[in-house]
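J.: This is a predicted model, with the sequence first.
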Amino acid sequence: MNPIPSATTKHPQVRTHLLVRIALVTAITCILAPLSIPLPFSPVPLSLTNLVLYISIFILGWKAATVSYLAYLLLGAIGLPVFSGFAGGLGKLAGPTGGYLVGMIFLTILSGWIAERFLKKPAVILIGMLLGSAVNYLFGTVWLCVQLHLSFAEGLMIGVVPYLFFDIAKILIALFAGLTIQKRLKALLL
């Protein structure tokens with residue numbers, strides 16, 4: 001699935017292409033993730049972060065997409081305003097939405113790993129993305145409940161349920177766009 005040969009390839013040009021793509025995807029994440037819509041009933045905003053992550057697995061493969069997301073988290077942790085609402089710093093990671101930010105690491109790994117294994121099966125990739133989202137929701141909801149002293153059911157009601165429609169729409173967009181971009185990248189690299 002990975003349109004770019006492994007970073008362990010001995011050709012410096014291949015490694016350079018991979019590093020450039022990782023940097024570009026990280027930059028796109030830093031640009032789009034802060035653009036969010038706060039909801040009055042929840043500390044969790046609607047964000048484009050997961051959309052970028054889903055598309056990144058098609059462009060980079062799961063390993064490099066995870067590296068890109070970790071670079072984004074590091075930039076935000078050191079204070080750059082790249083998190084939702086143009087926030088940055090460790091306080092954002094430790095706050096109510098921190099579990100979702102950490103959970104997206106596993107969303108990228110799980111969704112990307114499944115996408116790489118089942119490249120010719122979009123339905124299985126879709127299921128993988130849904131599973132990745134479920135893991136992200138679990139991390140986010142548990143942390144949200146701890147931070148706000150909520151029951152798990154209350155956490156689901158303010159941190160998951162209102163976002164299901166939007167996240168499913170983002171998954172469908174990413175699946176179509178990601179597969180299309182991936183085919184074009186493969187054609188360019190061949």
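T.: Arrived safely.

J.: can you give me the helices for the chain?
T.: 12-32, 49-60, 62-77, 90-94, 98-117, 122-148, 152-159, 164-189 (DSSP state H).

J.: Check those helices for me and report the most buried one.
T.: Across these, averaging neighbours per residue (mean count of other C-beta atoms under 10 Å) puts helix 49-60 on top, at a mean of 26. Just so you know, the C-beta spots here come from the backbone N, C-alpha and C atoms, and that holds for glycine as well.

J.: quick revisit: now the helices of the chain in TSV, with mean pLDDT and distance to residue 40?
T.: Formatted as TSV, the helices of the chain follow (pLDDT from 0 to 100; distance: least, C-beta to C-beta, whole Å):
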stretch	mean pLDDT	distance to residue 40
helix 12-32	91	23
helix 49-60	96	20
helix 62-77	98	24
helix 90-94	95	20
helix 98-117	97	18
helix 122-148	97	15
helix 152-159	97	11
helix 164-189	91	16
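
J.: What's the per-residue pLDDT of residue 10 here?
T.: You'll see residue 10 listed with a pLDDT of 62.

J.: buried residues in the lengthiest strand in the chain?
T.: Secondary structure of the chain read by DSSP state E shows that its longest strand is strand 42-47. Using 16 or more other C-beta atoms under 10 Å as the test for burial, strand 42-47 gives 42, 44-47.

J.: can you list contacts of that strand?
T.: 33, 35-39, 84-85, 95-97, 100, 140, 144, 148, 158-159, 162-163, 166 (C-beta atoms under 8 Å, 6 or more residues apart in numbering).

J.: Quick test: name the residue nearest the centre of the chain.
T.: In the chain, the residue lying closest to the centroid (C-alpha atoms, centre = their mean) is residue 53, at 3.0 Å.
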